[in-house]
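Trainee: pasting the structure only:
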């Protein structure tokens with residue numbers, strides 16, 4: 001057994017806005033931003049306009065704080081939220097924080113929570129789908145910071161919408177929130193009565209352009225391509241001099257509106273002028289000071305301050321954001337080296353098992369997101385990345401320098417999240433869902449010829465999952481779900497399917513429905529030469545899982561009666577790559593099972609306890625088991641050699 005310390009990477013500062021939170025004792029303007037951490041709990045930063053920074057830490061239940069609201073009655077207090085289940089009160093001076101449970105299920109909320117200073121109430125909106133069966137409607141919640149409790153929950157009278165990236169005051173005591181993904185809808189909140197009305201907007205520009213709004217002196221708010229919105233009349237008016245190019249506009253100083261990374265729109269002429277380029281900038285991690293200076297924190301935790309009049313860089317600092325990420329992908333480079341990728345960080349690292357030296361290689365993809373799958377094919381590492389459905393090729397024996405190494409070799413049109421990846425030893429096959437749209441994109445990349453082919457919706461309105469290559473039939477066997485990413489859109493079917501896709505023709509050769517009441521079907525691996533072991537997730541409270549068998553010579557619908565329960569206290573299953581042999585997480589141990597005979601062949605590792613982070617991800621490469629712990633990688637060598 002080998003234990004190797006993991007390398008640290010830069011904490012991901014993505015999807016969280018750089019929010020003004022008042023001035024410090026010296027009069028410097030301050031801004032809040034938060035990182036995403038699935039393992040340790042959110043990291044919060046208060047950064048002043050020159051880059052001086054104070055760091056705050058929270059417990060693991062708080063993954064990120066997308067909304068930060070300054071309490072007008074107590075200016076040193078922030079109210080923080082990143083999920084429906086808690087509000088957190090942070091005293092910026094003392095660093096002490098308290099949490100207030102709402103009793104609602106854990107589900108991510110974004111940065112549009114709206115505070116009404118008159119009543120001391122906050123409106124927050126989310127969609128409680130995580131860990132829930134079937135399809136859920138979005139809900140609005142009202143939390144009183146004076147009573148320090150949830151005072152109202154409202155199930156909204158429509159089906160779709162997950163994220164509220166922005167909100168603004170109407171100017172008459174009411175407020176507006178933007179609910180997005182899919183579509184765009186305005187929520188009109190009256191905090192005096194907590195009544196909510198809603199206005200769906202017709203399809204418009206790229207929804208990311210509406211993640212922020214800027215206002216004019218008349219209390220109107222600008223929506224790209226739609227114009228100035230007056231919340232009192234609920235009407236749009238075209239600008240006198242519309243911008244030559246629409247961007248995500250984030251700030252206004254006088255007659256100039258700033259957007260992108262970074263351009264200036266002169267509202268008197270409509271001319272848009274490129275001012276500067278922010279290294280690794282994000283659309284939300286930027287803001288203006290009251291004097292018109294631009295301050296920004298990049299996705300990798302670098303602070304910059306610019307003079308927008310001249311474009312001059314006035315200050316820069318590296319913020320203290322190194323941490324151990326949650327590594328959701330790993331594969332072996334060679335006997336001594338492995339490669340891994342942390343969650344939502346857009347970064348990757350390599351680790352030498354012999355010297356125990358690791359290195360963070362930084363950016364590995366075009367935009368913020370994460371590398372979801374890693375596969376070694378012919379000595380090169382192939383990386384499938386969220387949120388653009390890209391596939392990168394990385395040569396570990398050459399210097400790292402994205403976008404040259406890794407380099408993009410495929411980009412699934414309309415693809416967002418790579419659900420699964422497999423290979424025949426030369427070609428790479430992967431499938432992406434389409435974000436808030438139903439369906440999926442299937443991609444084949446030939447590592448010898450460099451040729452890429454794509455297929456849209458091989459199973460209509462289904463997202464493919466659990467790809468396994470079958471050498472005998474030269475096909476990819478897989479399952480599916482009827483849901484879009486994040487259960488964001490109402491499904492068109494109440495069934496999901498198993499399918500066999502011809503690897504040469506890229507057409508579905510066979511298709512069979514999963515049993516009724518199943519919302520996710522996956523192929524895990526070969527049971528023997530003629531059968532595959534499959535896992536299904538049931539559309540029931542708690543989302544219980546079962547296993548079943550798909551037969552090569554009888555590729556027909558699987559009956560519900562054939563579904564079998566996993567052994568007691570089984571929390572997960574992974575194919576060893578050897579027919580019939582699977583690794584099961586039973587209680588706090590990892591056991592090899594012969595699933596043809598349904599017997600355990602013995603324990604290969606213990607303890608594996610996700611609650612105490614004694615292990616949270618498993619990877620199998622050849623005969624070796626890799627166990628990802630919070631700060632180290634454990635390698636159990638040759639534990640599958642003789643099974």
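Mentor: Yes, it's here. Predicted model only: the values in this text are computed from it and were never measured. Numbering: from 1, shown residues only.

Trainee: show me where pLDDT drops low in the stretch 301-450 of the chain?
Mentor: For the stretch 301-450 of the chain, no stretch is flagged by pLDDT under 70.

Trainee: just the strands in it please.
Mentor: 302-307, 312-318, 322-323, 327-332, 337-342, 347-352, 357-363, 370-377, 380-386, 390-394, 407-411, 418-423, 427-434, 437-446 (DSSP state E, counting those that start in this stretch).

Trainee: Equivalent analysis for the stretch 51-200 of the chain, please.
Mentor: So, for the stretch 51-200 of the chain - with DSSP E, counting those that start in this stretch - the strands run 53-57, 67-70, 77-81, 86-91, 97-101, 114-116, 121-126, 139-144, 149-155, 163-169, 175-180, 184-190, 195-200.

Trainee: Check which strands are paired with the second one and give the direction for each one.
Mentor: Strand 67-70 has these partner strands in its sheet, going by DSSP bridges: strand 77-81 (antiparallel).

Trainee: Could you give the average pLDDT over the partner strand?
Mentor: This predicted structure assigns strand 77-81 an average pLDDT of 98.

Trainee: And stretch 636-643, by the same measure?
Mentor: Rounded mean pLDDT across stretch 636-643 is 94.

Trainee: same check, this time on stretch 110-120
Mentor: 97.

Trainee: Please tell me how far that stretch is from the chain's geometric centre.
Mentor: 25 Å (C-alpha atoms, centre = their mean, to the nearest Å).

Trainee: Could you do stretch 465-485 as well?
Mentor: That offset, for stretch 465-485, works out to 23 Å (C-alpha atoms, centre = their mean).

Trainee: measure stretch 28-48 end to end?
Mentor: Separation of the first and last residues of stretch 28-48 by C-alpha to C-alpha, to the nearest Å is 6 Å.

Trainee: Return the set of buried residues in that stretch.
Mentor: Going by neighbour count (16 or more other C-beta atoms under 10 Å), the buried part of stretch 28-48 is 29-37, 39-48. Any C-beta I mention is one placed from the backbone N, CA and C, and that applies to glycine too.

Trainee: Show me those that map onto strands.
Mentor: Among the buried residues of stretch 28-48, DSSP state E puts 29-34, 43-48 in strands.

Trainee: Closest one of these to residue 253?
Mentor: Nearest to residue 253, judged by C-beta to C-beta, of these is residue 29 at 13.8 Å.

Trainee: So for residue 149, what's the nearest residue that isn't a sequence neighbour?
Mentor: Excluding its sequence neighbours, the residue lying closest to residue 149 (C-beta to C-beta, 6 or more residues apart in numbering) is residue 100, at 6.6 Å.

Trainee: Most tightly packed of the strands of the stretch 51-200 of the chain?
Mentor: strand 121-126 (a mean of 25; mean count of other C-beta atoms under 10 Å).

Trainee: Parallel or antiparallel, list what pairs with that one.
Mentor: Short version: by DSSP bridges, strand 121-126 pairs with strand 114-116 (antiparallel), strand 139-144 (antiparallel).

Trainee: Where does residue 532 fall, secondary structure wise?
Mentor: Using DSSP states H and E, residue 532 sits within strand 531-538.

Trainee: tell me what that strand is packed against?
Mentor: On a contact count with 3 or more C-beta pairs under 8 Å, 6 or more residues apart in numbering; DSSP states H and E, strand 531-538 meets strand 463-470, strand 475-481, strand 518-528, strand 545-551.

Trainee: and the residue minimising distance to the centre of the chain, backbone torsions?
Mentor: Per C-alpha atoms, centre = their mean, the C-alpha nearest to the average position across the chain is that of residue 344, at 5.9 Å. With angles defined as degrees, to the nearest 10, residue 344 sits at phi 50, psi 20.

Trainee: what sits against it?
Mentor: Residues counted as contacts of residue 344 (C-beta atoms under 8 Å, 6 or more residues apart in numbering) are 12, 14, 36, 368-370.

Trainee: mind checking which of the helices and strands packed on strand 531-538 is nearest residue 428?
Mentor: Closest among these, using C-beta to C-beta: strand 463-470, at 10.0 Å.

Trainee: what's the angle from that closest one to strand 545-551?
Mentor: Calculated by axes from the mean of the first three to the mean of the last three C-alpha atoms, to 10 degrees, strand 463-470 forms an angle of 50 degrees with strand 545-551.
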